[in-house]
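Chemist: coords please:
(chains A and B)
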Amino acid sequence: MEKEILEHGFNFNRRRFLSSMSLGIGGIALGSLLMPDLFKGGGSQDEAPAPGLAHFAPKAKRVIYLFQNGAPSQQELFDYKPKLRDLFGQEIPPSVRGSQRLTGMTANQASFPLVGSFVNFQQYGESRAWVSDLMPYTAKIVDDLCFVKSMYTEAINHDPALTFLQTGSQQGNRPSMGSWLSYGLGNENKNLPNFTVLLSRGVGNGQGVYSKLWSNGFLDSVHQGVQFSKGEDPVLYLRDPEGMDRKDRRDMLDQLSQLNEMSYQEFGDPEITAKIKQYEMAYRMQTAVPEVMDLSRESDDIIKLYGPDCLVPGTYSANCLLARKLSENGVRFVQLYHQGGDQHGNLPYEITKQAKDVDQASAALVTDLKQRGLLDETLVIWGGEFGRTSYTQGKLTADNYGRDHHPRCFTIWMAGGGVKPGLVYGETDELGYNIASNPVHVHDFQATVLHQLGLDHEKLIFKHLGRRYRLTDVSGKVVRDILS
Amino acid sequence: MWKFVVLIAAFSGFVVSFQSCSTNSSSDGQEAKIPEKISYNFDIRPILSDKCLACHGPDANKREAGLRLDIAEEAYRALKDNPGSHAIVAGKPELSQAYLRITTEDTALLMPPPSSHLKLTTREISLIEKWIQQGAPYEKHWAFVAPKKPTVPEVSKSDWPRNEIDHFILQKQEEKGLEPSEEADKERLLKRLSLDLVGLPPSLQMMDAFIADKSPKAYEKMVDKLLSQPAYGEKMAIHWLDLSRYADSHGYQDDGFRTQWPWRDWVIHAFNKNMRYNDFVTWQLAGDLLPNASKEQLLATGFNRNHKITEEGGVIPEEYRVMYVTDRNDLFGKGLLGVTLECAHCHDHKYDPFSQKEYYQMFAFFNNVNEVGIESVIGGPETYAKKPLMEISNDDVKNILNFVNKPDTNRLIVSVMGELDSTRKTYILNRGEYDAHGDEVQAGTPEAILPFNAKYPKNRYGLSQWLFDKKNPLTARVYVNILWQEFFGKGIVKTSGDFGMQGDLPTHPALLDWLAVDFMEHGWDIKRLVKQMVTSATYRQSAVITPEKLARDPDNVFLARGSRYRIHAEFIKDMVLASSGLLNGTIGGPSVKPYQPAGLWEGATSGRGLLSVYNQDHGSSLYRRGMYTLIKRTVPPPTMGIFDASNRDLCEVKRAKTNTPLQALVMMNDPTVLEASRVLGAKLLEEKTTASEKIKKAFRLIVCRTPSDKEVELLSAYYDSQLKKMNAATAAKMIAVGEYPLTKNVDNKSLASLMRVISTIYNLEETITKS
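Modeler: Numbers count the residues shown, from 1 in each chain, chains lettered A, B, ... in the order given. Next comes the predicted model:
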């Protein structure tokens, strides 16, 4: 509520504000730099909080979300179900399946034979967490992780499920989680965007990603996710044209601001002053972004930790390393999307490759943050948009099968950011089809993430076209059991 | 602050007092005074709506204690739980339970309950107290009462108004003690006008002719000239394409290609031939149902098929079919009626008097289309439109559809509307879920707006008759407001998509009504309305902001100065191309793929379909107007998005206007801008003029005014300094940008230096601003 009133005041006063405040105008640019200033200049709101952003003391300052796009199978990675092997080829009991609606890909399938995982599992660490042999690096850090095996969602197809996890609504056109955090917390680094997005593609069956996943929705566009891409222009149009060096650009900007200043003298429009500041901010970004993208100064130990792929731009591994650097530099929310986790068929082969693609770097990121003392203040999240079925999709043979989308249970892990390390939370039934204990709805998960950042999901509100919106829509409970 | 009360109109027996500048917040630091006479519509309803009605309003299922505060009789009568008392006792706050509960110190009794995180301010409580003291009178929501044409108000400064608009605007200014600004200088004025009417900067010839024309009709002649240019239709189409969520891909998962562009060509054509707004919309809603429907009328119905359509294998067809119907229904509400009908999709509306049943009655109009949720997964040309579809033959484009710019003889299909032979039953969908059927409903419209006349057919054609019924309180107001927003930067009702109780109140209610009624009286003539707006003295004012005016009216609510706004994304590109002479003025046809940073589509695609790889166009296609850039919904054109263009996912009636460093990066480094700088530079170097003259001309072409001596001096000095340090290698690199052929016989170093100057001019704030 406080936040809403402030934002309202912010919009309302913006023009006047820009004309009167001498600091922070550049911040309007990329997130929220302005918001802390606004709080200082806060006006007469009785409800206005003291300077400071969160609703209460945060455990985490930043988030890195390693999104496993396509939804890799929990049965092959973390949710060990020996019983499924025993029941190989047997029909899933109707009592277990219940009235779960099926996707168009399996709805017409004549039978639904159960299939156990082709891969072996072992227990690791003090927490004795089960991890499959496909994830040897992750296995080594289980005592830093909190597994949630009882996640569930409402959607059964990629587009709505992804959109639901990221925006709290299946339809899109709402702000993404990173946008909400940018809106709620402001930013720490005035030279970098507050919410950045990194894309990569694995070897498995790919599903697209969409810019609505990092959309600011109805929030100010300063809260939009900015995609950083591989190649010479990590941020769109960042690079000056061939033949123009930094000094040339500086010269040009000096002329430009003088001319714009003349225009301000004539029109008196505060937007002109804001424009001058935007150009200065752009100029600073031109230096700051390539610096943070430069991996050449990383030590050999770090390269070894993430694996050789981390030097290949655009790989998952490189993006994990980059995520650490961005986060370390104060980027509030770093969102990775890694495509290729959608194994409808030929699953044993595909998931083996896909797991190899992500295992080392995911674990390396956690280790790296920990050794830098950053894990406590950084929440790392690993997971997909839904789970996969315990019965097979398509033809079942002794060594090959597929799994369809499954909304009723899936596994994610979190690390750092005040989440209990070495915990396995929630359980599925012995067929891995339904949740047996401690269900965590997508909105519960979102509420928990916001909570760790010091935000009350019921108070982080934005009023748009007459309705108050939240990331968690109208539900969601913080999962306190997993918080340390 | 800017608060005053005017009695302006008597609506259906209610005396409605309008209070201007209606932001119902006290967030600017000064508590507004409590008015002498409290207005229900302007003072009380916003509070009730925002803070009380979610639990004590129209939604019967969520109503607490059986109490309803949005209807007088309900609020006055004995409380269900406590028949001895009443929520509101007219004249007696101390006996009104509602008042007692908002002022109690007992948190267990306090309203709104602390758990709602809602809180009334001291001012709001005082307003409610005084309103009850004054008898707690209720009024019907202003927007649901049909507009009547108010008398044009008298003003003291009677030589200022040029038409009726100015009387309404000036009257408010005089009440506030504000003075209108003088007329903008001719150069600024023509730039503003040209950008507003055709989306392009004026040519030098036009500018010179306008400056030379000293006749009193000079300005009006320009208005007429611009209104008659085909580019007018292109400019006007943009807001309609946003409203109609037009795009070149199907959206969703694989986001395959679609050929819906002939519908877009029709929109341009319709604006150019000044089709009346009622016909324009009727054809789009119900062209297929008109008697002896023509192919053109059928094409117009593409409007309702512009929504996203899934090609994701594995979806449940009915779930998606219901989404398409929902999308049409919500567009009808937001875009044409200006109400948030979509809020009644899952439950009764929390604030406005629309029940969930009424939502599905409206839904029924759009629920009878002969379509399926998924027709095919992504594929070849047969998937570029979905049934029902129409085929546009080569004969058609020579005859009845001659405005469709079909470049080849390939099969061309467009998704359009078409009814089932039988009637599909419509049910209330509980919680909005596609498979949770509740009671069956018949087609109908919300009572609170206007009951559906039994004479109208119960189909989309009847719905459009209802929409254009003279008694419909919303249709004309909503469109007039959208156009006002186009020309003045923001609507008279700022929330152009929400005229309901949670929306902003009009800043000039009488003007809005006058314009709406006048629009209807003159046969929904769009060009006439546009002309009225741009020929007003209000529109023609200078945009210079004096510190005094900035302090008194920072948001320019009272329009005592011209509006000053950054132009739309599309027009930025148009300005760059037109000023450099690169613009290819072809109208319509398939969308084009100009320069775009590498890898954007490829990085986000599933790998399937025509749009998985960005195959950039070459030659003259690179220089088409911004509106023809292909819109792939999941990865919209980057420069457009950076400048706040719609991603065309859903109906949008108002674009944001942001100012970000990413915009600065586009203007500095987008090859489109750099190439234009080079091409214009080369042209100027071929002219036998001095460097200063070249710079002056470039400035005139781009900023559309003669630069001051100081500006010329500064830019000339910049040019000299660049030329001095420029070497051949750097120059060669600089001028290598863009595919447009290099001019021979121009000195590279001079060109590279002049390019930097021109690029600087393109980056001026004023360049992309209507001032």
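
Chemist: Show me what the helix or strand where residue B:440 lies pairs with in its sheet, parallel or antiparallel.
Modeler: Using DSSP states H and E, residue B:440 sits in strand B:437-441. Sheet pairing of strand B:437-441 (DSSP bridges) gives strand B:426-429 (antiparallel).

Chemist: in the strand it pairs with, what counts as buried?
Modeler: Going by neighbour count (16 or more other CB atoms under 10 Å in any protein chain shown), the buried part of strand B:426-429 is B:426, B:428, B:429. Where you see a C-beta, it was placed from the backbone N, CA and C, and this is true even at glycine.

Chemist: roughly how far is that strand from the heart of the chain?
Modeler: 31 Å (CA atoms, centre = their mean, to the nearest Å).

Chemist: Other residues contacting it?
Modeler: Taking contacts as CB atoms under 8 Å, 6 or more residues apart in numbering or on different chains, the residues outside strand B:426-429 that touch it are B:322, B:345, B:356-357, B:360-361, B:363-364, B:367, B:436-443.

Chemist: could you give me the average pLDDT of it?
Modeler: Averaged across strand B:426-429, the pLDDT comes to 96.

Chemist: then it to CSV, C-alphas only?
Modeler: Provided in CSV are the C-alpha atoms of strand B:426-429 (Å, rounded to 0.1, in the frame of the first residue of the first chain):
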residue,chain,number,x,y,z
THR,B,426,-23.1,-19.8,-24.1
TYR,B,427,-22.7,-20.4,-20.4
ILE,B,428,-21.5,-18.4,-17.5
LEU,B,429,-18.0,-19.8,-16.9
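
Chemist: so the nearest residue to residue B:692 once chain neighbours are set aside is in which element?
Modeler: Computed as CB to CB, 6 or more residues apart in numbering or on different chains, the closest residue to residue B:692 that is not its neighbour in sequence is residue B:716, at 5.0 Å. Using DSSP H and E, residue B:716 sits in helix B:709-725.

Chemist: Got the phi and psi for the residue of chain B found nearest chain A?
Modeler: Nearest residue of chain B to chain A (CB to the nearest CB) works out as residue B:502 at 2.4 Å. The phi/psi pair for residue B:502 (degrees, to the nearest 10) reads phi -90, psi -10.

Chemist: Give me the pLDDT for it.
Modeler: We have a pLDDT of 83 for residue B:502.

Chemist: just checking, it touches residue A:466?
Modeler: Yes. Residue B:502 lies in contact with residue A:466 (CB atoms under 8 Å); the separation is 2.4 Å.

Chemist: Give me the common contacts of the two.
Modeler: By CB under 8 Å, 6+ apart, the residues touching both residue B:502 and residue A:466 are B:49, B:340, B:351.

Chemist: Am I right that residue A:130 sits in a strand?
Modeler: Yes. Secondary structure of residue A:130 (DSSP: H, G, I helix; E, B strand; the rest coil): part of a strand.

Chemist: Excluding sequence neighbours, find me the nearest residue to it.
Modeler: residue A:80 (4.0 Å).

Chemist: How many residues are close by residue B:424?
Modeler: 13 (other CB atoms under 10 Å in any protein chain shown).

Chemist: ok, it - contacts?
Modeler: B:367, B:368.

Chemist: Same drill for residue B:502 and residue A:466, tell me which one is more crowded.
Modeler: Between residue B:502 and residue A:466, residue B:502 has the larger neighbour count (other CB under 10 Å), namely 25 against 22.

Chemist: tell me which strands and helices the helix holding residue B:716 is in contact with?
Modeler: helix A:246-267, helix B:691-703, helix B:748-762 (3 or more CB pairs under 8 Å, 6 or more residues apart in numbering or on different chains; DSSP states H and E).

Chemist: So which of those is the most surrounded?
Modeler: Across the helices and strands packed on helix B:709-725, the average number of neighbours (mean count of other CB atoms under 10 Å in any protein chain shown) peaks for helix B:748-762, which reaches a mean of 24.

Chemist: which residues of chain B fall in strands?
Modeler: B:5-11, B:14-19, B:389-391, B:413-415, B:426-429, B:437-441, B:565-566, B:769-770 (DSSP state E).
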